[in-house]
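[1] Just to be clear, the model below is a prediction. Sequence and coordinates:
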Amino acid sequence: MRTMDVNAIALIPAAPATVRSRDTEYPYRPDSNFWYLSGFEEPESLLVLIPGRKAGEYLIFCRDRDPEKETWHGRRLGVDGAPDALGADDAFPIEDVDEILPGLLEGRQHVYHTLGKNPGFDAQLLGWLKRSRMTRKSTDDPDAFISLDYHLHDMRVYKSRAEQKQLKAAAKLSAKGHVAAMQACQPGLWEYELEAALVHTYKKAGGDHAFMPIVGGGENGCILHYTENNAKLRDGDLVLIDSGAEVGGYAGDISRTFPINGRFSDAQRDLYEIVLEANQAGIDACQPGNHWNDPHEAAVAVLTRGLKSVGILKGNIKTLIKKAAYRPYYMHKTGHWLGLDVHDVGDYKIDGEWRLLESGMCLTIEPGLYIGEGRSVPKAYRNTGIRIEDDVLITAKGHEVITGDVPKLANDIEALMSGG
């Protein structure tokens, strides 16, 4: 509320429940901004911030207790329990929002709300403003909608101690899932069986998957966001897994690539060691005071040298980097912010310049190589996708890799898969 005008009001609705088909819904998850401010996980809720009232007032609208509906759909916190549970100054039934909100909007010059994310709520808000104008005596109209996203997203870039604890728990559980998938893997299984090993591990520990797992065997590992996970795992291929657990709303995000039969071939190991070196170079560049793109530039330099060393690229290294000759084989950035969303919010540039890394930030480092069917590519390297991703917290003196519980050295992977 300190970032808002005194005569302003902020409205942050929870995400609506979404119908999957007919009378079934997708698993519910709150809007991340709403969850960040409230910690509340129920739909049909609205958070209201009024900095000019008292010392700054935080109100919550939520569903009231209803024994009959709770019998069908589960327990509710209820209006009476909301202030103590959520730290709110007051709470009201969501059914009364149409009566109460027009009065709260009176005299507010600015309405902090991000239009376009929730069209149903936007329509409600415009109706409340219309009623407020028709009934009040004041001539002060709200003269602007201001998006809260800029302010909230910048806050969310810097993780508190409590958030870092949740991120570490998510990373630890994510690593446990990847280890389970490695141990379960063998030729003849289906990709979805490894997906099941991941999700089983997350669910058994009380977590969930933060996003749909990517399990790509063989050439499917070259599809960056492959989620069909319906192919048979073949002896002699690699499998690329990109998956993370969600704990307390916070996401883990790990990628590992390993041989389906438990042993890297010489060609697979050649490419794998290149990506592993790029992963480490990117992590080494995660230092406070470095800018956001430093890890990417470090990884690109390693990948380009490596592609030249195996005969996929030819020419001067500096020229190849300048011309982005690596792009057919490495077409994405080396990382992204991580937090309540797996691709978390926050600017990567400020005033056109790469943002400096600071203590409390959390990002991924995920270089990869995706070698397709190109005729210029030696046959032994074709249809090979490799990505190695870790989660990194920036600290006051350096960084902390929070996903170290899952192996990534080739020898360690082989030892784990052989039962060592």
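    Alright, I've got the coordinates.
[2] Tell me which stretches of the protein form helices.
    Here the chain has its helices, by DSSP state H, at 32-38, 67-73, 82-86, 97-105, 119-135, 149-157, 161-184, 191-204, 266-284, 294-309, 317-322, 410-417.
[3] Show me which residues of the third one are buried.
    When you say that, I think you mean helix 82-86. Across helix 82-86, burial judged by 16 or more other CB atoms under 10 Å covers 82, 86. In short, each C-beta sits where N, CA and C put it, glycine included.
[4] contact partners of it?
    Outside helix 82-86, the residues that touch it by CB atoms under 8 Å, 6 or more residues apart in numbering are 38, 39, 40, 60, 62, 77, 88, 89, 90, 91.
[5] who's in contact with the residue nearest to residue 4 when sequence neighbours are not counted?
    Distances taken as CB to CB, 6 or more residues apart in numbering place residue 51 nearest to residue 4, at 5.0 Å, with adjacent residues excluded. Applying CB under 8 Å, 6+ apart to residue 51 gives the contacts 1, 2, 4, 5, 6, 8, 57.
[6] and what of residue 16?
    By CB under 8 Å, 6+ apart, the residues touching residue 16 are 43, 44, 118, 120, 121.
[7] Residue 98 contacts residue 128, doesn't it?
    Yes. The criterion here is CB atoms under 8 Å, and residue 98 meets it with residue 128 at 7.2 Å.
[8] wait, what's in contact with the residue most central in space within the chain?
    Centroid-nearest residue in the chain, with CA atoms, centre = their mean: residue 342, separated by 0.7 Å. By CB under 8 Å, 6+ apart, the residues touching residue 342 are 210, 211, 244, 251, 253.
[9] Tell me the predicted confidence for it.
    Listed pLDDT for residue 342 reads 98.
[10] Next, work out how far apart the residue nearest to it when sequence neighbours are not counted and residue 158 are.
    For residue 342, ignoring the flanking residues on the chain, the nearest one in space by CB to CB, 6+ apart is residue 251 at 4.2 Å. Per CB to CB, to the nearest Å, residue 251 is found 17 Å from residue 158.
[11] May I see the buried residues of stretch 31-51?
    For stretch 31-51, burial by neighbour count (16+ other CB under 10 Å) applies to 31-38, 40, 42-51.
[12] remind me which residues of this structure are low pLDDT?
    Along the chain, the parts satisfying pLDDT under 70 run over 135-143, 420.
[13] Where does the record place the domain boundaries for it?
    Per automatic domain parsing, the structural domains of the chain span 8-154, 158-417.
[14] Make a markdown table from the contacts of residue 51 and add neighbour count and distance to residue 282 to it.
    Formatted as a markdown table, the contacts of residue 51 follow (neighbours: other CB atoms under 10 Å; distance: CB to CB, whole Å):
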| residue | neighbour count | distance to residue 282 |
| --- | --- | --- |
| 1 | 16 | 38 |
| 2 | 6 | 36 |
| 4 | 19 | 38 |
| 5 | 15 | 41 |
| 6 | 13 | 45 |
| 8 | 20 | 41 |
| 57 | 17 | 45 |
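[15] so which pair among those residues is furthest apart in space?
    Across the contacts of residue 51, the longest distance by CB to CB is 14.6 Å; it joins 5 and 57.
[16] rewinding a little: keep only those of the contacts of residue 51 that are in strands.
    8, 57 (DSSP state E).
[17] Go through the contacts of residue 51 and name the one nearest residue 399.
    Nearest to residue 399, judged by CB to CB, of the contacts of residue 51 is residue 2 at 29.9 Å.
[18] who are the neighbours in contact with the closest one?
    Contacts for residue 2 were tallied using CB under 8 Å, 6+ apart; they are residue 51.
[19] What is the nearest of the contacts of helix 82-86 to residue 181?
    Nearest member of the contacts of helix 82-86 to residue 181, counting by CB to CB, is residue 39, at 31.2 Å.
[20] separation between the closest one and residue 30?
    Look at residue 39 and residue 30: by CB to CB, they are 9 Å apart.
[21] same question, residue 237
    The gap separating residue 237 from residue 30 is 40 Å, by CB to CB.
[22] between those two, who's got more neighbours?
    Using other CB atoms under 10 Å, the more surrounded residue of residue 237 and residue 30 is residue 237, with 23 against 20.
[23] what number of residues lie near the nearest residue to that one once chain neighbours are set aside?
    Among residues not flanking residue 237 along the chain, residue 218 sits closest, at 3.8 Å (CB to CB, 6+ apart). Here the number of neighbours of residue 218 (other CB under 10 Å) works out to 20.
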